[in-house]
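Novice: predicted coordinates and the sequence they were generated for:
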Amino acid sequence: MTRSLENKVIIVTGAGGGIGRDSCRVLAAAGARLVVSDISEGAAQGTVDLLRADGHEAVLITADVGSEDSVQELVKGTIASYGRLDGAFNNAAIEQSNKPLADLTLAEWERVMRVDLTGVFLCMKHQIRAMLTSGGGAIVNTSSGAAQIAFPNGGEYVTAKAGVLGLTRSAAVDYGARGIRVNAILPGVIRTPMIARLSEDPAFAAMFDRSRQRHIVGRFGEPSEIGEAAKWLLSDASSFVQGAAISVDGGFLAN
Ligand SMILES: NC(=O)c1ccc[n+]([C@@H]2O[C@H](COP(=O)([O-])OP(=O)(O)OC[C@H]3O[C@@H](n4cnc5c(N)ncnc54)[C@H](O)[C@@H]3O)[C@@H](O)[C@H]2O)c1
């Protein structure tokens, strides 16, 4: 049986942990030839080691998605390794400073915007250029349920994730006719290191507890469940899905 991503060359950012790491395992099992990328070389190496233990090969390229030079090197390195680029899962992001808007410094605002929004712009910019030379491709951006519903003290994150939806639609409109599909995933609460860090704040821990009830399936998600959605969106099985924002959230946004 042909695997849905057989031989497709795919970059995953934020691949050193959480959703990115487990998604790499899902994508590799579907036949993808992966570029595992993260700002942390050690974290990315941990993912590559797991992939190798599963019997998959992967290329590691360290990159800060908030730096254009770094993103350019990531795409260049991908082409140098594999000769083409077919897909990208732009998943890297950082969490907010947990302050109400009027207490947020400009530096704190810009820190999150740089990685969570500008990072997606820079990745798409250079990925799209590479994809256009190899006849098209598919891009999946990780937004968040927080793009649709704000939570307390998360203004810069909520805004960046809403911006990712705008960028996703804009790229779909600009490049859809040239064979590039661009879609976004809106995860609910997924058990990752990011959520563990946020839960150290008792107010966040209490909010997560309350939000569990809004996840209609009665639990938080696993990183691989986002990977399964990314796999479908990166594959030709989703060929008629374009510019979409897909909730993968156990029903969080449905109630
Ligand atoms: N976990 C959730 O509940 C949840 C919910 C909605 C959306 N998301 C989104 O899912 C994505 C993954 O989140 P996660 O929970 O796995 O986070 P995580 O913190 O567990 O993992 C994020 C990874 O991104 C890397 N990273 C951070 N800054 C980077 C940069 N500048 N360049 C490249 N890599 C960088 C980190 O080193 C880390 O390995 C993010 O976009 C996040 O906003 C997560």
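Specialist: Received the coordinates, thanks. Since we're looking at a predicted model, the values are computed, not measured.
Novice: contact partners for the residue in the chain that the ligand sits nearest to?
Specialist: Closest approach between the chain and the ligand, counting by C-beta to the nearest ligand atom: Gly18, at 2.2 Å. Quick note: C-beta positions are derived from backbone N, CA and C, even for glycine. Gly18 is in contact with 190, 192-194, 223, counting by C-beta atoms under 8 Å, 6 or more residues apart in numbering.
Novice: what do you get for Ser37?
Specialist: So Ser37 contacts 11-15, 44, 60-63, 74, 92 (C-beta under 8 Å, 6+ apart).
Novice: what residues does this protein have near the ligand?
Specialist: 13-14, 16-20, 38-40, 43, 63-66, 91-94, 115, 119, 142, 144, 187, 189-190, 192-195 (C-beta under 6 Å from any ligand atom).
Novice: if we use 5 Å, what do you get?
Specialist: 14, 16-19, 38-40, 43, 64-66, 91-94, 115, 142, 144, 187, 189-190, 192-195 (C-beta under 5 Å from any ligand atom).
Novice: now, of these, which are buried?
Specialist: Using 16 or more other C-beta atoms under 10 Å as the burial test, the residues of the chain next to the ligand include 14, 16-19, 38-39, 43, 64-66, 91-94, 115, 142, 144, 187, 189-190, 192, 194-195 as buried.
Novice: looking at the contacts of Gly18, which are in helices?
Specialist: Counted as lying in helices by DSSP state H, out of the contacts of Gly18, are 193-194, 223.
Novice: how far out from the middle of the chain is stretch 166-173?
Specialist: 15 Å (C-alpha atoms, centre = their mean, to the nearest Å).
Novice: buried ones in that stretch?
Specialist: 167-169, 171-172.
Novice: now swap in stretch 210-226 and tell me
Specialist: Buried-residue list, stretch 210-226, by 16+ other C-beta under 10 Å: 211, 214-215, 220-221, 223-226.
Novice: so what's Thr2 scoring on pLDDT?
Specialist: Here the pLDDT value assigned to Thr2 is 84.
Novice: okay, now it: neighbour count?
Specialist: By other C-beta atoms under 10 Å, 8 other residues sit near Thr2.
Novice: gap between the closest residue to it other than its chain neighbours and Leu167?
Specialist: Once flanking residues are discounted, Thr2 sits nearest to Gly31: 7.9 Å by C-beta to C-beta, 6 or more residues apart in numbering. According to C-beta to C-beta, to the nearest Å, Gly31 stands 28 Å off from Leu167.
Novice: could you do Arg191 as well?
Specialist: Arg191 is 27 Å from Leu167, by C-beta to C-beta.
Novice: just Thr159 next, same as before
Specialist: 13 Å.
Novice: joint contacts of those two?
Specialist: Leu117.
Novice: helices of the stretch 101-250 of the chain, start to end?
Specialist: 106-112, 119-133, 155-175, 193-198, 202-214, 223-234 (DSSP state H, counting those that start in this stretch).
Novice: which residue is nearest the middle of the chain?
Specialist: Asn91 (1.7 Å; C-alpha atoms, centre = their mean).
Novice: contacting residues around that one?
Specialist: Per C-beta under 8 Å, 6+ apart, neighbours of Asn91: 12-15, 19-20, 23, 141-142, 230.
Novice: how about a cut-off of 6 Å?
Specialist: Applying C-beta atoms under 6 Å, 6 or more residues apart in numbering to Asn91 gives the contacts 13-14, 19-20, 142.
Novice: in helices, which of those fall?
Specialist: Using DSSP H, those in helices are 19-20.
Novice: need the max-distance pair from the contacts of Asn91.
Specialist: Thr13 and Ile19 (10.8 Å; C-beta to C-beta).
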